[in-house]
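# Only the shape, not the letters, is given here:
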């Protein structure tokens with residue numbers, strides 16, 4: 001496990017306790033927002049983002065990543081599919097992402113969309129990529145946490161929610 005990550009969690013926990021001792025009537029939500037504004041666990045943007053030779057980056061060994069191009073069951077999710085033109089599918093995906101409060105579209109190309117999702121409380125950033133191969137009516141996806149080991153299934157649930165919205 002990442003030692004700096006554990007140190008950060010312990011520090012935040014001690015600050016949370018301190019905030020409650022100073023203001024015991026405050027709510028957890030208000031304190032979480034204050035703490036999140038002080039600390040950011042965004043990590044650094046990975047340097048391996050994008051499509052190289054028709055492939056998104058492989059998931060690391062940790063279980064906090066899913067990809068439609070992964071071969072192992074721990075990381076594997078199905079790609080999104082569409083019947084419309086690629087341009088219409090890309091526009092539909094952009095509309096869906098713009099409606100998600102914690103999503104920010106960072107880069108859009110004719111065959112690629114890169115977005116970042118930031119958790120509300122601790123400011124964790126996940127990198128989410130969508131690749132539209134030219135000869136296929138599908139969208140390869142990759143959703144990966146920048147820090148930590150386990151994401152408790154957040155990346156998988158995110159892609160499945162986007163899939164459901166994309167179908168409707």
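Yep, it's here. Note that the structure is predicted; figures quoted are calculated from it, not measured. Residues are numbered from 1 along each chain as shown.
# going forward, measure contacts between C-alpha atoms and count neighbours the same way
OK.
# Which pLDDT value goes with residue 152?
For residue 152, the pLDDT comes out at 89.
# Tell me, how many residues neighbour the closest residue to it other than its chain neighbours?
Spatial nearest neighbour of residue 152, excluding adjacent residues (C-alpha to C-alpha, 6 or more residues apart in numbering): residue 64 at 7.6 Å. Number of residues near residue 64 (other C-alpha atoms under 10 Å) recorded here: 24.
# Quickly note the distance from residue 64 to residue 48.
According to C-alpha to C-alpha, to the nearest Å, residue 64 stands 16 Å off from residue 48.
# Now do the same contact list for the residue nearest to residue 152.
Residues in contact with residue 64 (C-alpha atoms under 8 Å, 6 or more residues apart in numbering) are 144-145, 148-155.
# which among those residues gets closest to residue 82?
Of all the contacts of residue 64, residue 155 has the smallest distance to residue 82: 21.2 Å, by C-alpha to C-alpha.
# Going by secondary structure, the closest one is in what exactly?
Secondary structure assignment for residue 155, by DSSP states H and E: helix 154-167.
# what's that helix in contact with?
So helix 154-167 is contacted by 64-66, 77, 80, 92-93, 96, 141, 143-145 (C-alpha under 8 Å, 6+ apart).
# Of the residues you listed, which pair is most distant in space?
64 and 92 (26.3 Å).
# where's the residue nearest the centre of the chain relative to residue 120, distance?
Note on the chain: the residue nearest the mean C-alpha position is residue 126, at 3.0 Å, using C-alpha atoms, centre = their mean. According to C-alpha to C-alpha, residue 126 and residue 120 sit 12 Å apart.
# try residue 48
Residue 48 is 25 Å from residue 120, by C-alpha to C-alpha.
# Show me which of the two is the more surrounded one.
Neighbour count, other C-alpha under 10 Å: between residue 48 and residue 120, residue 120 has more, with 14 against 10.
# which residues sit in contact with the closest residue to the more buried one other than its chain neighbours?
Nearest in space to residue 120, with sequence neighbours left out and distances taken as C-alpha to C-alpha, 6+ apart, is residue 102 at 7.2 Å. Going by C-alpha under 8 Å, 6+ apart, residue 102 touches 117-120.
# likewise residue 97?
Residue 97 touches 103-105, counting by C-alpha under 8 Å, 6+ apart.
# out of those, which are buried?
By neighbour count, with 16 or more other C-alpha atoms under 10 Å, these hold 103-104 as buried.
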